[in-house]
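> give me a 3D structure for the following:
(chains A and B)
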Amino acid sequence: MALYRLKPLLVVSFVSIFLLNTISLFANEKPAASKEEGSFNVTETILEHIKDDHSWHLWGHTTIALPVILYSPQGFEVFSSAKLVDEHHEPVVYKGKSDYKLVEGKTKIVNAAGEVDVEASKKLWDFSITKNVASLFISVIILLLVVLTAAGAYKKTGITTAPKGLQSFMEPIVLFVRDEIALPNIGAKRYAKYMPFLLTIFFLILTNNFLGLIPLFPGGANVSGNIAFTMTLAVCVFIVVNLSSNKNYWEHIFWMPGMHWSMKLFLAPIELIGVFNKPISLMIRLFANITAGHILVLSLVCLIFIFKTVYAAAVAVPFVIFIFLIELLVAFLQAYIFTMLTAMYIGMASEEAHHDHHEHAANELAHH
Amino acid sequence: MFLEINPLVLPDIGLVFWNTVAFIGLLVVLGKFAWKPMLKAISDREKGIEDSLAKADKMKADLTAMQNENETLLAKAREERATLIKEAKEASEKMIAEAKDKAKSEYERIVADAQVAINQQKNAALTEVKNQVGSLVVEVAEKVLRRELTNKAEQETYIKQLADGVKLN
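Numbering: from 1, shown residues only, chains lettered A, B, ... in the order given. Model prediction:
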């Protein structure tokens, strides 16, 4: 846990060192570097790996083109992302219902002069199957296969035999979610209702975290380190938490019992912010932790290219392996933390009042 | 704005949409076909194990109770046997003692009877001897008296002869 706390610090220091170094390096070597083929920019390289993309780069010049799905006032439009780039992978204008061009990886509408039409682009909705979406679908397929196979085993072998194979892999994790996450936070009375939700969240995050750590296809995308992914999950959590909230929960937010009225007024806005703060913290925590891990690994690999010597690998590779091992832990830890906090928020929202006895006792004392 | 500057924290509507679809789809499919049956099977198994353990405990308790009962029964039987043996011994001893006493008294009675009979016979024999001696004396006296008249010496020899002839049996 100490390492996990230390990590953001490490990331910040590493990245700042690299940014400073690259600026000075490129400043000094600009005339020489510009002559070499493809001068190296660390920030750009790392961001490129972390960001979403319309095509899936496998290796060298091999790229999988993914479908682009656009919605504009003119209607839906579907075409291959290969049409947005030329043979050198440089963005080109594609003439569909409008003229489209990739600007910093995003699809924009351009005018005849090739400049971005900001007004028209604002009305353009991009529902493309991007690299992250494709990776998400792969993780969904893996999850469906693994979980349904494991669940089917119970039907086949019954409940009297010990779990085998995938079933014995899944069962301890399911039990972990039930006994360590749901039961202590939500309580034995209501936990069963939320188990499918918690399990799905846990396994979806876990699968995407692990897939993101695999450098080759089908991994390599940064789904769980994408703010859109974590935001969607956080919104789902927000909805579920508020749907399971009771009168007691809102009373504690707007009119905290057992406090002086001035304190109640003071606490209400703070508690109200907390309602939104909780899912937002979930969103940022997962996004930042996974992205930080990716940045860290990529930065270490980039050491080799910054120093332009293969000997840098002697330092970089052991470090990368070390960070990878930590990332394996973090992958599990973040899935656990997200699910645990979700369960905790649900538990807090649906907790039944237990201050009543104290209050009654206090009132009775006051009457005497 | 910050969101505009940093592309990392700007969520794409595409991924949000597809992720919502994927998550809800996954939740529905897995919830219906995987998590619920799985959790049910697990809790059923746990319940089964719990029940079996409780049953085993109960059986163990029953067995112990039965064993205790057996032991009590056995101890009781043993005690009974001991009392029975003791009683039998006592009875037999009593019987032997009684028999001895009876035998003794019988013996004493027989001896007494025998003595009485002996005494009677003895007395009878003595009476008979007395009678015989009496008659013999009378007879001898008669013969002596008859012979006395003839010879004194002869008389004495005769008495001596007679006396020799009388043998007290």
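
> tell me the SS of A:Phe76?
Three-state secondary structure (criterion: DSSP: H, G, I helix; E, B strand; the rest coil) places A:Phe76 in strand.

> the helices in chain A, which residues?
Secondary structure of chain A (DSSP state H): helices at A:2-35, A:42-50, A:118-122, A:131-157, A:166-176, A:183-186, A:191-213, A:227-243, A:247-254, A:261-307, A:312-350, A:356-367.

> taking helix A:191-213 as reference, get the angle to the fifth one.
Compare the direction of helix A:166-176 with that of helix A:191-213 by axes from the mean of the first three to the mean of the last three Cα atoms, to 10 degrees and you get 120 degrees.

> so which elements touch helix A:166-176?
Helix A:166-176 makes packing contacts with helix A:131-157, helix A:191-213, helix B:36-147 when contacts are defined by 3 or more Cβ pairs under 8 Å, 6 or more residues apart in numbering or on different chains; DSSP states H and E. Every C-beta, even on glycine, is put in place using the N, C-alpha and C of the backbone.

> for A:Val92, which of the ones you listed is the nearest?
Comparing these against A:Val92 with Cβ to Cβ, the closest turns out to be helix A:131-157 (19.4 Å).

> which parts of the closest one are buried?
Residues A:131-136, A:138-140, A:142-144, A:146-148, A:150-154 are the ones in helix A:131-157 that count as buried (16 or more other Cβ atoms under 10 Å in any protein chain shown).

> test my guess that A:Phe305 contacts A:Phe40.
Yes - with contacts counted by Cβ atoms under 8 Å, A:Phe305 reaches A:Phe40, the gap being 5.2 Å.

> need the contact list for the residue of the stretch 201-350 of chain A found nearest chain B.
Per Cβ to the nearest Cβ, A:Ala228 is where the stretch 201-350 of chain A lies closest to chain B, at 3.7 Å. Going by Cβ atoms under 8 Å, 6 or more residues apart in numbering or on different chains, A:Ala228 touches A:Asn132, B:Pro11, B:Asp12, B:Ile13, B:Gly14, B:Leu15, B:Val16, B:Asn19.

> the third one is in contact with A:Ile129, isn't it?
No - the pair formed by B:Asp12 and A:Ile129 falls short of the contact definition of Cβ under 8 Å, at 11.9 Å.

> of these two, who's got more company?
Neighbour count, other Cβ atoms under 10 Å in any protein chain shown: between B:Asp12 and A:Ile129, B:Asp12 has more, with 24 against 19.

> which residues does the more buried one contact?
Going by Cβ under 8 Å, 6+ apart, B:Asp12 touches A:Asp52, A:Lys106, A:Asp126, A:Thr130, A:Asn226, A:Ala228.

> contact residues of chain B facing chain A?
For chain B, the residues in contact with chain A (Cβ under 8 Å from any Cβ of the partner chain) are B:7-20, B:22-23, B:25-27, B:29-31, B:33-39, B:41-42, B:44-45, B:48.

> where in chain B is pLDDT low?
For chain B, applying pLDDT under 70 flags the ranges B:1-5, B:147-150, B:167-169.

> angles on the backbone of A:Leu221, please.
Just to correct that, residue A:221 is Ala rather than Leu. Backbone torsions for A:Ala221, taken as degrees, to the nearest 10, come to phi -80, psi 160.

> cool, thanks, talk later.
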